[in-house]
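Peer 1: Structure for the following, please:
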Amino acid sequence: MNVSQVSYFTLSAYFYIGLFKYVVFLFLMCVYFFIISSNVLLITVICVNRSLHKPMYMFLCSLFVNELYGSLGLFPFLLVQILSDVHTVSVPLCFLQIFCLYMYVNVEFYNLAIMSYDRYLAICYPLHYNKQMQRNTVIKLAVLTWFLPLLNIIVMISLNASSRLCGNIIDRVFCINYYVTKLVCSSATASNIYGLVYTFTVPFSLTALIVYTYVRILKVCFSGSKQTRQKAVSTCTPHLASVLNFSFGCFFEILQSRFDMSRVPNVLRIILSLYFVTSQPLFNPVMYGLKLRKICLACKALLFSQK
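Peer 2: The predicted structure follows:
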């Protein structure tokens, strides 16, 4: 990796909290344990229950796997940094974390868009749903959900990994590609152009798809029967809540990356950063586990079944 003389990055957003760091460490350990246990539970429930081997639950399983993957890219690193007195990270490890976290965010976006499309077909075209969402189609969509983000992340990181850097200070608690791009000595035009083109094609298209599907679903709900409305509310409420939660996280991240946040207290900036990458793994298992009746009953049967 040809990265000038820089061999490590300093994460300058951390600040001294004394012995309080052990309290923060224990709190984050509990959060991480909850994320792992809840997502593993739901993945297991969907995999072992034949009645849940349907497109909606298969996409949910992909979503929960991604939550585990994203958490793995953040929490072990974060826990080590909290206990450390020197907040540095080697260049290869920093790029590895960028890969993991950006892959997680992209896969999350694709997953939510495909789940919106799935609900759109189920509610707006129920008679054609089984024909449209056959097993092969579901597998192809699930593969694309992971493969397309992988291509994007490889291109994005390769543009920075081969660049010469003129600094090593990242004003965050974990590695962010945008901050590495700002450290590039030469012109970062290629990276910036790629970022803009990708943003105005993929995320914009996925957002438009989500908005379109929910507009159509709402139209069907208002003009349909009471049974149709109940079906839409029961299956779409958790997903819509997840989309809104993810949108808030993205908004806070864009706000921090693109605008001067120096007047905002450091602790609040850290909380907003962590919200972006921890809100979904915490929120989704609770929301889907409680709101989707089949999953809720299957979880109770698995946890409390008498031997």
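
Peer 1: I'd say Asn152 and Val105 touch.
Peer 2: No. Judged on CB atoms under 8 Å, Asn152 makes no contact with Val105 at a distance of 10.5 Å. For the C-beta atoms, the positions are set from N, CA and C on the backbone; glycine is no exception.

Peer 1: Show me which of those two is the more surrounded one.
Peer 2: Shown here are Asn152 and Val105; by other CB atoms under 10 Å, Val105 has more neighbours (22 against 16).

Peer 1: so where is the stretch 101-250 of the chain shaky, pLDDT-wise?
Peer 2: For the stretch 101-250 of the chain, the stretches flagged by pLDDT under 70 are 187-188, 224.

Peer 1: can you pull out the helices in it?
Peer 2: Using DSSP state H, counting those that start in this stretch, the helices found in the stretch 101-250 of the chain span residues 129-132, 135-161, 177-181, 189-199, 202-223, 226-258.

Peer 1: Let's check: the centremost residue of the chain is which one?
Peer 2: The C-alpha lying nearest the average C-alpha coordinate of the chain belongs to Val105 (CA atoms, centre = their mean; 3.8 Å).

Peer 1: ok, that residue - contacts?
Peer 2: If a contact means CB atoms under 8 Å, 6 or more residues apart in numbering, then Val105 has Gly70, Cys250, Val277 as its contacts.

Peer 1: contacting residues for Val45?
Peer 2: Val45 sits next to Leu52, Ile295, Ala298, Cys299, Leu302 when contact means CB under 8 Å, 6+ apart.

Peer 1: buried set for the host helix or strand of the second one?
Peer 2: Going back to what we said before, that points to Ile295. Secondary structure from DSSP states H and E places Ile295 in helix 293-304. By neighbour count on 16 or more other CB atoms under 10 Å, the buried set for helix 293-304 is Ile295, Ala298, Cys299.

Peer 1: ditto for stretch 19-39
Peer 2: Neighbour-count burial for stretch 19-39 flags Lys21, Leu28, Val31, Tyr32, Ile35, Ile36, Ser38, Asn39 (criterion: 16+ other CB under 10 Å).

Peer 1: wait, what's in contact with Asn266?
Peer 2: Ala13, Phe15.

Peer 1: one more time with 10 Å
Peer 2: Residues near Asn266 by CB atoms under 10 Å, 6 or more residues apart in numbering: Ser12, Ala13, Tyr14, Phe15, Asp171, Val173.

Peer 1: Need the max-distance pair from the residues you listed.
Peer 2: Phe15 and Asp171 (11.6 Å; CB to CB).

Peer 1: From Arg229, how far off is Cys221?
Peer 2: According to CB to CB, to the nearest Å, Cys221 stands 5 Å off from Arg229.
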